[in-house]
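Enquirer: Only the shape, not the letters, is given here:
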């Protein structure tokens with residue numbers, strides 16, 4: 001799967017990043033190009049964040065589908081179940097596809113966040129004579145929002161890992177229960 005998506009800009013489907021009810025005006029011709037690229041990267045980051053959340057939802061849906069479908073429950077794990085490769089092979093197509101989509105969107109999101117961080121670091125060294133106090137306040141609120149979203153994403157990743165571990169335990173228990181009993 002190519003990672004060309006991070007260069008393309010898609011309009012956001014929600015505007016939850018905007019801290020004020022008024023939309024931010026487009027950058028003026030006197031504003032530095034750095035702020036424009038940061039705004040574009042922010043939109044791209046928002047898109048990748050939405051993709052990540054959607055992929056996490058697909059993982060949970062695929063896990064639910066597999067738990068509700070007894071045909072997908074195996075009574076014997078393949079030989080690789082004894083190795084560390086087991087989690088990637090258990091689950092079938094939908095779960096693996098959702099997991100790969102999630103990994104891809106996380107990588108894209110991390111890339112955009114790193115680019116924004118690097119861009120901000122380089123722009124801090126350059127004089128920003130054309131930035132107004134409102135722009136700086138907006139930047140501060142957006143940085144706070146990005147920080148809170150990053151913390152939220154970390155918490156959701158932990159929750160998702162816990163759910164996946166619990167699912168593995170449930171599948172293992174079900175496999176044990178389905179094994180034939182000798183009377």
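Expert: Good, I have the coordinates. Remember, it's a predicted structure, so these values are computed and weren't measured experimentally. Numbering: from 1, shown residues only.
Enquirer: need the next SSE after the least confident helix or strand in the chain by mean pLDDT, C-terminal direction.
Expert: The least trusted helix or strand in the chain, going by mean pLDDT, DSSP states H and E, turns out to be helix 86-89, with a mean of 47. Later in the chain than helix 86-89, the nearest helix or strand by DSSP states H and E is helix 92-125.
Enquirer: Next, the buried residues of that next one.
Expert: Within helix 92-125, the residues that count as buried by 16 or more other Cβ atoms under 10 Å are 94-95, 98-99, 101-102, 104-106, 108-109, 111-113, 115-116, 123. For every residue, glycine as well, the C-beta is placed using N, CA and C.
Enquirer: tell me, how many neighbours does the residue nearest to residue 112 when sequence neighbours are not counted end up with?
Expert: By the measure of Cβ to Cβ, 6 or more residues apart in numbering, the closest residue to residue 112 outside its immediate chain neighbours is residue 45, 4.2 Å from it. Other residues near residue 45 number 24, with proximity taken as other Cβ atoms under 10 Å.
Enquirer: I'd say residue 45 and residue 109 touch.
Expert: Yes: between residue 45 and residue 109 there is a contact under Cβ atoms under 8 Å: 6.4 Å.
Enquirer: just checking, residue 44 touches residue 111?
Expert: No: using Cβ under 8 Å, residue 44 is not in contact with residue 111, being 9.5 Å away.
Enquirer: got any ranges where this structure has weak pLDDT?
Expert: When the per-residue scores of the chain are filtered using pLDDT under 70, the ranges that remain are 1-36, 72-92, 125-131, 179-183.
Enquirer: how about the strands in it?
Expert: Here the chain has no strands by DSSP state E.
Enquirer: which helix in it runs the most residues?
Expert: The helix of greatest length in the chain, counted in residues with DSSP state H as the criterion, is given as helix 133-178.
Enquirer: Could you list every helix and strand in contact with it?
Expert: Counting contacts by 3 or more Cβ pairs under 8 Å, 6 or more residues apart in numbering; DSSP states H and E, helix 133-178 is packed against helix 33-68, helix 92-125.
Enquirer: mind redoing it with 10 Å?
Expert: In terms of contact count using 3 or more Cβ pairs under 10 Å, 6 or more residues apart in numbering; DSSP states H and E, helix 133-178 is assigned the packing partners helix 33-68, helix 86-89, helix 92-125.
Enquirer: show me what contacts residue 102?
Expert: 51, 52, 53, 54, 55, 56, 57, 58, 59, 157, 160 (Cβ atoms under 10 Å, 6 or more residues apart in numbering).
Enquirer: again, but for residue 56
Expert: Residues near residue 56 by Cβ under 10 Å, 6+ apart: 98, 99, 101, 102, 105, 106, 153, 156, 157, 159, 160, 163.
Enquirer: Quickly name whichever of those is closest to residue 147.
Expert: For the contacts of residue 56, the minimum distance to residue 147 (Cβ to Cβ) is 10.7 Å, reached by residue 153.
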